[in-house]
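A.B. asks: Quick check, what structure comes out for this input:
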Amino acid sequence: MEGLTPLVMEVFDKDFAYQGTIARPQGVSMTTRHNAAGAGAFTLDSDDDAVEALVAPGANMVCKYRHDPDDPRSPMYLVGGPVTQVDLGGALAAPTRAFAVIDWWDILNQFMCRSVPSAGWTGQGGEGTYYTSTGPMETVVKDLVSKNVAINPWDLTVAPTHGWGELVTVQTRQNFLTDRIFPALDYAHVGISVQQVDGGLVLDAYEPKVHTEPLTVESGIVSKGAGSLLRPSVSRVLVRGGTQPSQVFVQVVNTAVENEWGFCGWAPVLDVSESTTTSYLEAKGWEVLNAGARKASVSIELAETDDWRFGQGDDFFGRGDEVSVQLSGAPIIDEVIREVEVSYSTGSGLLVDARIGDRATSPDQVLAKAIQKLAAKQRITQARG
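C.D. replies: Numbering: from 1, shown residues only. Here you go, the predicted model:
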């Protein structure tokens, strides 16, 4: 790739019209995430040709990565989204402008799903009216987005489904999409993407790979690790479906955990007032059991080697891929690659770090996750109105 920068960065206006290329960034850090909104930041000289377009209201950008040394002119999509912040900095004699970007995936956190998608707001029905979608996880997500895209003011196209992911049932009643598809999406073995393509946004899916060869410190791939190995916190849950006087109860047991660890305790009774369907209640119960069955809370960084490179295609690893990590004095840890950070500066060159696990490493992160869960629960409760 001699003569080519590893990152290709382009600027667009609010209508996705091309405005120019960012040719001379001082430093760039872009993080793509599995089933979550990626983000990025970069710094330019204040007189860079791209600054005027980037500070304009509604500006957005796309960053692509030249992942394949044998085909550098076909870069892969990395992060794309609106410019959310502009910072002023640098010395007076050499001012700089720093920009923050949030990936377009974030619109799914704000995507409204109705109880009666075919009707207007006055026809959404009473308390017991829900829209139900059943099928593979990818198909359900695309169905919910397709049915509700008309009321969400983004130029968003939904690609045809491949039928990837585990079978799920999701019900919505004036809910944000991600409030209803998590945590099931975490265990569905499918990734959802939102990318800028040809002057608009496209929602599609990708199927993560499974890497069976354990990754080790000796291989040079595992560069840093921290965390704890945990006993599963629950192995049974009682799901209460419907409302009085027609409530039903379904017990869900994680027999695989109990066969290995023994009985690990009951989860709090799960209230699923929107349905009395057994399959739906069981699916909701498994969301709780899957979350409570984790035996590791870890944060592990993976470094690139000649045989382990980030990219797209059979010869590369990607976000969402399932990996096994072998640390000294510990059992093999099975996890997915949650995020990949690609950074570049004129001084340090290119760095690629992949991270597995979902370990909150500070009190602020723990508090933020707790608040996020409470807010989602409150929104769902209010929507039942």
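A.B. asks: Return the set of buried residues in stretch 101-115.
C.D. replies: For stretch 101-115, burial by neighbour count (16 or more other C-beta atoms under 10 Å) applies to Val101, Ile102, Asp103, Trp104, Trp105, Asp106, Ile107, Leu108, Phe111, Cys113, Arg114, Ser115. Using the backbone N, CA and C atoms, a C-beta is placed for each residue, glycine as well.
A.B. asks: Out of these, the closest to Asn148 would be?
C.D. replies: Of all the buried residues of stretch 101-115, Cys113 has the smallest distance to Asn148: 4.9 Å, by C-beta to C-beta.
A.B. asks: residue contacts, the closest one?
C.D. replies: Shown here is Cys113, whose contacts under the criterion C-beta atoms under 8 Å, 6 or more residues apart in numbering are Tyr131, Leu144, Lys147, Asn148, Thr172, Gln174, Asn175, Phe176, Leu177, Arg180.
A.B. asks: Would you map the helices across the stretch 251-385 of the chain?
C.D. replies: Taking DSSP state H, counting those that start in this stretch, the helices of the stretch 251-385 of the chain run over residues 255-261, 278-292, 363-384.
A.B. asks: hang on, the earlier thing: could I have the buried ones of the contacts of Cys113 as ChimeraX selection syntax?
C.D. replies: A single ChimeraX command is used to select the members of the contacts of Cys113 judged buried by 16+ other C-beta under 10 Å:
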select :131,144,147,148,172,174,175,176,177,180
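A.B. asks: mind putting the contacts of Cys113 in JSON lines, distance to Ser348 included?
C.D. replies: Supplementary listing: the contacts of Cys113 in JSON lines, determined by distance: C-beta to C-beta, whole Å:
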{"residue": "Tyr131", "distance to Ser348": "50"}
{"residue": "Leu144", "distance to Ser348": "42"}
{"residue": "Lys147", "distance to Ser348": "47"}
{"residue": "Asn148", "distance to Ser348": "44"}
{"residue": "Thr172", "distance to Ser348": "46"}
{"residue": "Gln174", "distance to Ser348": "48"}
{"residue": "Asn175", "distance to Ser348": "44"}
{"residue": "Phe176", "distance to Ser348": "39"}
{"residue": "Leu177", "distance to Ser348": "38"}
{"residue": "Arg180", "distance to Ser348": "42"}
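A.B. asks: mind listing which of the contacts of Cys113 are in helices?
C.D. replies: Taking DSSP state H as the definition of helices, the contacts of Cys113 contribute Leu144, Lys147, Asn148, Leu177, Arg180.
A.B. asks: Okay, now the sheet partners of the longest strand belonging to the chain, with direction.
C.D. replies: Assignment by DSSP state E gives strand 76-91 as the longest strand of the chain. Here the strand partners of strand 76-91, with direction, are listed using DSSP bridges: strand 60-65 (antiparallel), strand 94-102 (antiparallel).
A.B. asks: Out of the ones you listed, which one sits most buried?
C.D. replies: With neighbours defined by mean count of other C-beta atoms under 10 Å, none of the strands paired with strand 76-91 is more surrounded on average than strand 60-65, at a mean of 22.
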